[in-house]
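Colleague: quick one: sequence and predicted model below, then my questions.
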Amino acid sequence: MDTMRIEPVGPQKEDAAHEQQVPPCVAALCARIWEYRGPQEKLHELAWGADAQIAALVRSVATESHGQISPRPGNTVAIHFGNSLNALSAAKTLQVRLLTLQRPAPAGQAVAAAIVHGVAQNASPDTEILTLGNMLVDQDSAQILVSEELHGAAKDIPGFAFSPKAAHAAGERGFAEAMYELLWTDESTYAHVRKTGQFQAVPQLLRLCQRLLLLRQARVVTRFFLN
């Protein structure tokens, strides 16, 4: 499986013939989107394709990251990628844009759970996506889960920071391999969320922020002793 071919993640102008070609699927990003309407309510599934604002956001993320959207009904977003680094970058971008999206009232805050997994060249991408999507639950909201294989390929690449320990062990909740959490924002973004009170909407972000701070503190201590 070719997981390390790096392509530009920004938008580029390409000729029409190339745009019509679907890249070989090396990695898949699957996300489920919910809507938060208040502290006394459960998360509601958000049919992203029927929401013009969310649909435009998802399509822009896929286009900029060179991904191919696979149409799925309901609140599941499925995007295929020709390399895993684009898939990881797209997952981070999707979470950040949903977090900062201002939706008109009475629409609630859109939150997502995402998983990025490698797909074998001889496998059916749609079958893989369906399996991954069924594994995501609302308790995973605001998280990006990454398969052990892709975690191993990207953990030392600048721009990708992961939880130090696996979020789920192999076999847990039906995952075939260990799943790691990809950290997707920084302290300044969390400060903005804390200021606007959105932590009440997405409490998982607070735990993610704490893990990010601990991880960065550990790196500072390590650099101090190495110097």
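Modeller: Nice, I can see it.
Colleague: residues near Asn134, how many?
Modeller: Counted with other Cβ atoms under 10 Å, residues neighbouring Asn134 total 12. (Glycine included, C-beta is placed from N, CA and C.)
Colleague: and the helices in this structure?
Modeller: Secondary structure of the chain by DSSP state H: the helices cover 16-19, 52-64, 84-100, 125-135, 148-154, 187-196, 204-226.
Colleague: pretty sure Val119 contacts Gln68?
Modeller: No. Here Val119 does not reach Gln68: they are 12.0 Å apart, not a contact under Cβ atoms under 8 Å.
Colleague: the two: which is more packed in?
Modeller: Neighbour totals were compared for Val119 and Gln68, and Val119 leads with 23 against 17 (other Cβ under 10 Å).
Colleague: ok, that one to Glu181 distance?
Modeller: As judged by Cβ to Cβ, to the nearest Å, Val119 and Glu181 stand 20 Å apart.
Colleague: ok, now which ones touch the residue lying closest to Gln95 once chain neighbours are set aside?
Modeller: With sequence-adjacent residues excluded and distances taken as Cβ to Cβ, 6 or more residues apart in numbering, Gln95 is closest to Trp184, at 4.7 Å. Residues near Trp184 by Cβ atoms under 8 Å, 6 or more residues apart in numbering: 91-92, 95-96, 144, 208.
Colleague: mind redoing it with 7 Å?
Modeller: 92, 95-96, 144 (Cβ atoms under 7 Å, 6 or more residues apart in numbering).
Colleague: I'd like the distance between it and Glu35.
Modeller: Trp184 sits 20 Å away from Glu35, going by Cβ to Cβ.
Colleague: then Ala28?
Modeller: Distance from Ala28 to Glu35, by Cβ to Cβ: 24 Å.
Colleague: ditto for Leu150
Modeller: From Leu150 across to Glu35, the span is 29 Å (Cβ to Cβ).
Colleague: can you check the pLDDT for the residue nearest to Gln95?
Modeller: Looking at Trp184, its pLDDT is 87.
Colleague: cool, the one 3 residues further on as well?
Modeller: The predicted structure scores Glu187 at 57 on the pLDDT scale.
Colleague: now do Gln198
Modeller: 45.
Colleague: ditto for Gly38
Modeller: Value for Gly38, per-residue pLDDT: 75.
Colleague: count of neighbours near it?
Modeller: So Gly38, with other Cβ under 10 Å, has 10 neighbours.
Colleague: hmm, Val26 is touching Asn86, no?
Modeller: No. The criterion here is Cβ atoms under 7 Å, and Val26 misses it with Asn86 at 9.1 Å.
Colleague: straight-line length of stretch 161-176, end to end?
Modeller: Chord length of stretch 161-176, first to last residue, is 22 Å (Cα to Cα, to the nearest Å).
Colleague: Provide the contact partners of that stretch at residue level.
Modeller: 135, 145-146, 151, 155, 177-183, 211, 215.
Colleague: distance to Ala113 and neighbour count added to these, as CSV?
Modeller: As requested, the contacts of stretch 161-176 are exported to CSV (distance: Cβ to Cβ, whole Å; neighbours: other Cβ atoms under 10 Å):
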residue, distance to Ala113, neighbour count
Met135, 9, 18
Leu145, 8, 25
Val146, 13, 32
His151, 17, 23
Lys155, 21, 13
Glu177, 18, 17
Ala178, 17, 18
Met179, 12, 27
Tyr180, 15, 24
Glu181, 11, 22
Leu182, 12, 25
Leu183, 15, 19
Arg211, 16, 18
Leu215, 21, 14
